[in-house]
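Asker: model the structure of this input:
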Amino acid sequence: MTTRDGVVLRADIHRPDDAERHPALLVRLPYDKSSPYTSVYLDIRTAVSRGYVVVVQDVRGRGTSEGEWVPWKHETEDGFDAVGWVAGQDFCDGRVAMYGGSYFGNTQWRAAASGAPGLRAIAPGMTWSNPLDGALRRGGVPEHGLNVLWSLSTGMSELMRRGKAAEAMEAVRRIDGLARGEYLSYPAGRIPWLEELGVPDIGLRRADADPKTVAELDVVSVLDDIRIPALHVGGWYDVFLQGTLDNFARQRELGVAGHLIVGPWTHGTDFSSQTGEVNFGLAAGGQSMGLTSSLTAEHLDFFDAVLDDRPLDQAPVRLFVMGRNEWRDEESWPLARAVTTRLELGAAERAALRSPHGESPADEDLDSGSPAVAALTFEASEPVQTVGGCIAMHEKFPWGAWDQRDVECRDDVLVFTTDPLDEPLEITGRVRAHLRVRPGATVSDWVVRVCDVRPDGKSINLVDGVSRVESTDGQADAPRERTVTVDLWSTSIELAAGHRLRVHVAHSNFPRWGLSQPDGSFVSDVLLGAGDSWIELPVIPPSV
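Answerer: The predicted structure is shown next:
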């Protein structure tokens, strides 16, 4: 097809073996239309067997398509043109839906925002909402690990496209070098030698130079104008988890029909039941959901209903509850029955759950009447290393659920642990940390993680987050007290009796997040006890 400005975009077309017109499913991605990414969310052969035409298109400047690729820049207009082109072909009955994840989840939102005629449904998987909360930055801190790997890997293919084989091999060498600490040489996710070659990055560099470019990949600013149903697919360990949840919740507020699926998955995976070092059971896999369905079936059932103007048969929300290792249908997100419960941090590395009414059934003496103080150190030359979590980084930094005991042994990580639970505890929803602190520098990052400590001693990460604090008075030598709120995003897990909750507080999580300062050291204070520092947990009451 040819866009409005004369650029040729190429696509592969998979269609039933007949001369009939069929509804079409469109995928627009920057990772090569022949790559296996096109079938991760939905099996193309199955879709064709159920009467769909599947069109897989390379976006502008990628794969076999012509033009110059500037990430995100042309996806709104090109999405409008692509939907119109597909809808007008003799193989299509005029009804078009889109699917795919990550970048090609965002191409769906851009096409939907364009008001493309014929676009009846979308299924954006693992896609952000606000790019400054997960794609480019998190809590004001650059998403260093994601930006470096994505820029190098897409830069490599861009250099090959330009016929610069030697430079492409250098990109390969540097990707391999990430496992040897080369992340340390890149300031805030920027790769100077790629900049010199004019290779695009994920958008952080452009966003810093011109904040208006954030609008090219922003979803939250266009959601209110989109009225077509969406199937949202997320993972509890996905780098864009909270954006997926927020997009669904906002559409529900607007009265737009939709469906949300969240499994125990990481970003861009094969949706297996294994996440990090934890196996959540056969029913957790995307191809055997609950042993009764699959992601392909969920997509096609959703498209069948929407394109035929039928009500959705599915419950609005389908969540995988880790720990129980079961799928559960819900009517909303967040869950209305969740009860906000405080996990208070005290001296002597202790923590205690406190009921909504203020009682603490265990550790009644956690509060000493006056706050204790814990010193938190930062040394730029020895930052706390990333181990698991909602990341998308080099394979040396494995994604998902991993034992954190090596992290907990460090002197620059504060650790707080509850007594073993007397009964099961389900946490489903958004988790936040509230810390009363005295920062030791004019700019400091506050990293918080919550873990599930098993009876065998393994401490498995559940959620984490970061918030950058900048002093307005510049008095690092006489820091003022302040409260720092850290958004840890969301989870769904039931901790069995005998398990414990554990909280980490640190000044870094590198190379996932860029450092607050490239060199030097400082010491901050964290106030404990007397209700000063605590974690906000959404606890689900046991069913009667």
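Asker: in the stretch 351-500 of the chain, which spans are strands?
Answerer: With DSSP state E, counting those that start in this stretch, the ranges of strands along the stretch 351-500 of the chain come out as 351-354, 372-379, 413-417, 425-438, 443-453, 459-470, 482-495, 500-506.
Asker: may I see these organised as a markdown table, with mean pLDDT and mean neighbour count added?
Answerer: No exception for glycine: its C-beta is placed from N, CA and C like everyone else's. Below are the strands of the stretch 351-500 of the chain laid out as a markdown table (pLDDT from 0 to 100; neighbours: other CB atoms under 10 Å):
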| stretch | mean pLDDT | mean neighbour count |
| --- | --- | --- |
| strand 351-354 | 89 | 22 |
| strand 372-379 | 97 | 18 |
| strand 413-417 | 98 | 21 |
| strand 425-438 | 98 | 22 |
| strand 443-453 | 99 | 25 |
| strand 459-470 | 98 | 22 |
| strand 482-495 | 98 | 20 |
| strand 500-506 | 98 | 23 |
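Asker: possible to save these as a markdown table with distance to residue 45?
Answerer: Written out in a markdown table, the entries for the strands of the stretch 351-500 of the chain read as follows (distance: least, CB to CB, whole Å):
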| stretch | distance to residue 45 |
| --- | --- |
| strand 351-354 | 50 |
| strand 372-379 | 53 |
| strand 413-417 | 48 |
| strand 425-438 | 36 |
| strand 443-453 | 39 |
| strand 459-470 | 37 |
| strand 482-495 | 32 |
| strand 500-506 | 45 |
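Asker: nearest to residue 54, of those?
Answerer: Residue 54 sits nearest to strand 482-495 of all these, at 31.9 Å, using CB to CB.
Asker: so the closest one versus strand 443-453, what angle?
Answerer: Between strand 482-495 and strand 443-453, the angle comes out at 20 degrees (axes from the mean of the first three to the mean of the last three CA atoms, to 10 degrees).
Asker: quick one: strand 482-495 to strand 459-470, angle?
Answerer: 160 degrees.
Asker: who does strand 482-495 touch, helix- and strand-wise?
Answerer: Using 3 or more CB pairs under 8 Å, 6 or more residues apart in numbering; DSSP states H and E, the elements in contact with strand 482-495 are strand 230-237, helix 241-253, strand 317-321, strand 425-438, strand 443-453, strand 459-470.
Asker: just how off-centre is the helix or strand just after the shortest one within its chain?
Answerer: In other words, strand 317-321. Next in sequence after strand 317-321, counting helices and strands by DSSP states H and E, comes strand 326-330. In terms of CA atoms, centre = their mean, to the nearest Å, the centre of strand 326-330 is set 21 Å apart from its chain centre.
Asker: repeat that for stretch 90-103.
Answerer: Its chain's C-alpha centre and that of stretch 90-103 lie 24 Å apart, by CA atoms, centre = their mean.
Asker: just the CA coordinates of it, formatted as CSV?
Answerer: What follows is stretch 90-103 as a C-alpha-only set of coordinates in CSV (Å, rounded to 0.1, in the frame of the first residue of the first chain):
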residue,chain,number,x,y,z
ASP,A,90,-11.6,-7.3,-2.1
PHE,A,91,-10.7,-9.9,0.6
CYS,A,92,-12.1,-7.8,3.4
ASP,A,93,-15.8,-7.3,4.3
GLY,A,94,-15.0,-3.8,5.7
ARG,A,95,-14.5,-4.9,9.3
VAL,A,96,-11.0,-4.6,10.7
ALA,A,97,-9.5,-5.4,14.1
MET,A,98,-5.9,-5.1,15.3
TYR,A,99,-3.8,-7.1,17.7
GLY,A,100,-0.2,-7.4,19.1
GLY,A,101,1.9,-6.2,22.0
SER,A,102,4.4,-3.6,23.1
TYR,A,103,5.3,-1.3,20.1
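Asker: show me the shaky parts of the stretch 301-450 of the chain.
Answerer: Under the criterion of pLDDT under 70, the regions of the stretch 301-450 of the chain flagged as low confidence span 355-371.
Asker: got a list of contacts for the helix or strand harbouring residue 123?
Answerer: Under the criterion DSSP H and E, the helix or strand holding residue 123 is strand 119-125. With CB atoms under 8 Å, 6 or more residues apart in numbering as the test, strand 119-125 has contacts from 41-42, 83, 95-102, 105-106, 108-109, 111-112, 228-234, 244, 247, 299, 302-303, 306-307.
Asker: give the pairing partners of that strand; include direction for each.
Answerer: Strand 119-125 pairs in its sheet with strand 92-101 (parallel), strand 230-237 (parallel), by DSSP bridges.
Asker: those: which one's closest to residue 394?
Answerer: Among those, strand 230-237 comes nearest to residue 394, with 16.5 Å by CB to CB.
Asker: and the closest one with helix 241-253, angle?
Answerer: Orientation note: strand 230-237 sits at an angle of 150 degrees relative to helix 241-253 (the same axes, to 10 degrees).
Asker: what's the angle between strand 230-237 and strand 317-321?
Answerer: Orientation of strand 230-237 against strand 317-321 (the same axes, to 10 degrees) gives an angle of 10 degrees.
Asker: does residue 81 count as helix, strand or coil?
Answerer: In the three-state summary, residue 81 is assigned as helix, counting by DSSP: H, G, I helix; E, B strand; the rest coil.
Asker: go ahead and confirm it touches residue 4.
Answerer: Yes - checked against CB atoms under 8 Å, the pair residue 81 and residue 4 is within contact range at 5.8 Å.
Asker: the more surrounded of the two?
Answerer: Counted by other CB atoms under 10 Å, residue 81 and residue 4 do not tie: residue 81 has more neighbours, with 21 against 10.
Asker: state the distance from that one to residue 110.
Answerer: When distances are taken as CB to CB, to the nearest Å, residue 81 and residue 110 turn out to be 12 Å apart.
Asker: give the closest residue to the residue nearest the centre of the chain in space, chain neighbours not counted.
Answerer: Here the mean C-alpha position of the chain is nearest to the C-alpha of residue 240 (CA atoms, centre = their mean), at a distance of 1.7 Å. Leaving out its chain neighbours, the residue that sits closest to residue 240 by CB to CB, 6 or more residues apart in numbering is residue 128, at 4.5 Å.
Asker: that neighbour reaches residue 138, doesn't it?
Answerer: No - because the distance of 10.3 Å does not satisfy CB under 8 Å, residue 128 is recorded as not touching residue 138.
Asker: okay, the residue lying closest to residue 376 once chain neighbours are set aside: pLDDT?
Answerer: Beyond its immediate neighbours in the sequence, the residue positioned closest to residue 376 (CB to CB, 6+ apart) is residue 524, lying 4.8 Å away. In this prediction, residue 524 carries a pLDDT score of 98.
Asker: and the residue lying closest to residue 277 once chain neighbours are set aside, backbone torsions?
Answerer: With CB to CB, 6+ apart as the measure, residue 402 is the residue that lies nearest to residue 277, at 5.5 Å, once sequence neighbours are left out. Backbone torsions of residue 402, given as degrees, to the nearest 10, read phi -140, psi 150.
Asker: thank you kindly, that will do.
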